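Asker: how does the following fold in three dimensions:
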Amino acid sequence: MKEKVKILLVNLVLIIVTLIIIELISMGVSYLTNKKLLELKNSANLIQKFRYAKAAYIDWDRFCYSFESEDNVKRPIMLLGCSYAHGSGLKKKQTLSYKLFKKTNRNVFNQAIPGSSIQFALAHFQSGEMKEDVPDAEYIIYVYINYHLARLYSYDLDYIETEINQRYELKNGELVKIKKPVFPWMYSLFTVKNIQKLIEFYKSKNEYMDYELFNAVMKETLKQARENYKDVKFVVLLYPSADYIEDKEPVLQDFEVEKLKSMGFIVLNAEDLTDKPIRSLDYRVVDKDHPSEQAWDAIVPALIKKLNL
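Answerer: Numbers count the residues shown, from 1 in each chain. Reported below is the predicted structural model:
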């Protein structure tokens, strides 16, 4: 009996040691993979340190903000999207939100969450919290970038911060919200994160060809918006991400643009609103990714005119 217990303990120790070694290797791989990205983010004053972070759910109040004036009589604008719409790397008065506020005489509610995709807005609508945060909106402008497709499948909003993503899936053609993880602490382990990255990569591959989950989420988000805001106009503003700096490919394929229009969205290409080369490095902040103030200065006047804001 004692011999069996001894063998069991030895095997247990060996398993634990093996798991620790795997985790240390995973951590090292993660550090080397993200080192350059973190350096670029820190150069843009988006300070982030490589470390273990406790898994947590997103705090909307931490990110969302608004520009409001009692003198504004037109109905408000809501912004949706990720860090591009949020204004990461910019001061508040350099953002798309502020420039729309100053030039349209409308209050602007920025509901964009860095690292997210459109599904976070859907979840916020479904919980009833969006209506509480933004009582009314005549225009919703969703700044779309190609990263958003993979983020539909991501387990984390932020790989380092371990902010748990809200995911959806299609079951028998129906859009279903995926329940929160039973053991969220496991998301903090780099071994788990790397496995999740592989799952995300393989699951999202087809999304760039058929947009199946994206369209389902967009359709339901539009439905929710119309139920909450009378005669709301939902604009999808296509913006070239850093992936397109050296590329001439369109941000969204033509057939998908037509699909969104047929669903009831207004689809605009940011590059069609200006003659400035906004996909180039000259129109990005120092992290070589996010739009600079000059990019929004180039786009906003034509955007206002196009939408009659």
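
Asker: would you map the strands across the chain?
Answerer: Per DSSP state E, the chain carries strands over the ranges 56-57, 65-67, 74-80, 106-110, 139-144, 156-158, 163-164, 168-171, 174-177, 233-238, 266-269.

Asker: in TSV: those, plus mean pLDDT.
Answerer: Below are those laid out as TSV (pLDDT from 0 to 100):
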stretch	mean pLDDT
strand 56-57	84
strand 65-67	94
strand 74-80	97
strand 106-110	97
strand 139-144	98
strand 156-158	82
strand 163-164	87
strand 168-171	93
strand 174-177	94
strand 233-238	98
strand 266-269	97
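
Asker: leaving out sequence neighbours, find the closest residue to residue 138.
Answerer: Of all residues not flanking residue 138 in the chain, residue 75 sits nearest, at 3.5 Å (C-beta to C-beta, 6 or more residues apart in numbering). C-betas here are computed from N, CA, C, even on glycine.

Asker: as CSV, the strands of the chain with mean neighbour count and distance to residue 226 would be great.
Answerer: Output for these, formatted as CSV (neighbours: other C-beta atoms under 10 Å; distance: least, C-beta to C-beta, whole Å):
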stretch, mean neighbour count, distance to residue 226
strand 56-57, 13, 27
strand 65-67, 18, 22
strand 74-80, 23, 13
strand 106-110, 24, 17
strand 139-144, 25, 10
strand 156-158, 20, 27
strand 163-164, 20, 29
strand 168-171, 13, 19
strand 174-177, 12, 16
strand 233-238, 22, 8
strand 266-269, 18, 13
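
Asker: could those strands go into TSV alongside distance to residue 288?
Answerer: Shown next, in TSV, are the strands of the chain (distance: least, C-beta to C-beta, whole Å):
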stretch	distance to residue 288
strand 56-57	28
strand 65-67	25
strand 74-80	23
strand 106-110	23
strand 139-144	18
strand 156-158	18
strand 163-164	23
strand 168-171	31
strand 174-177	35
strand 233-238	20
strand 266-269	22
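
Asker: for the most centrally placed residue in the chain, report the pLDDT, please.
Answerer: Geometric centre of the chain, nearest residue: residue 116, 2.2 Å, by C-alpha atoms, centre = their mean. You'll see residue 116 listed with a pLDDT of 90.

Asker: dump the residue contacts of it.
Answerer: With contacts defined as C-beta atoms under 8 Å, 6 or more residues apart in numbering, residue 116 is in contact with 58, 81-82, 151, 157, 165.

Asker: restricted to helices, list these.
Answerer: Residues of the contacts of residue 116 located in helices (DSSP state H): residue 151.

Asker: tell me the one of the contacts of residue 116 nearest residue 244?
Answerer: The nearest member of those to residue 244, counting by C-beta to C-beta, is residue 82 at 15.4 Å.

Asker: separation between that closest one and residue 302?
Answerer: 22 Å (C-beta to C-beta, to the nearest Å).

Asker: quick one: which of those two has more around it?
Answerer: More neighbours surround residue 82 than the other of residue 82 and residue 302, with 24 against 15 (other C-beta atoms under 10 Å).

Asker: what distance do you get for that one to residue 303?
Answerer: 18 Å.

Asker: and what of residue 132?
Answerer: 27 Å.

Asker: between the two, point out the one with more neighbours.
Answerer: residue 303 (22 against 9).

Asker: residue contacts, the closest residue to that one other than its chain neighbours?
Answerer: The shortest distance from residue 303 to any non-neighbouring residue, by C-beta to C-beta, 6+ apart, is to residue 273 (5.6 Å). Residue 273 makes contact with 298-299, 302-303, 306, according to C-beta under 8 Å, 6+ apart.

Asker: out of those residues, who's nearest residue 146?
Answerer: residue 299 (17.8 Å).

Asker: quick check: the closest one vs residue 255, distance?
Answerer: Going from residue 299 to residue 255 by C-beta to C-beta gives 25 Å.

Asker: those two: who's more crowded?
Answerer: residue 299 (24 against 9).

Asker: look at that one and report its pLDDT.
Answerer: 97.

Asker: circling back: can I get the contacts of residue 273 in a markdown table with distance to residue 88?
Answerer: Shown next, in a markdown table, are those (distance: C-beta to C-beta, whole Å):
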| residue | distance to residue 88 |
| --- | --- |
| 298 | 18 |
| 299 | 17 |
| 302 | 23 |
| 303 | 20 |
| 306 | 25 |
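
Asker: does residue 78 have beta-bridge partners, and which?
Answerer: Legend: beta-bridge partners of residue 78 under DSSP bridges are residue 109, residue 140.

Asker: any idea how far it is from residue 88?
Answerer: Using C-beta to C-beta, residue 78 is found at 18 Å from residue 88.

Asker: okay then, goodbye and thanks.
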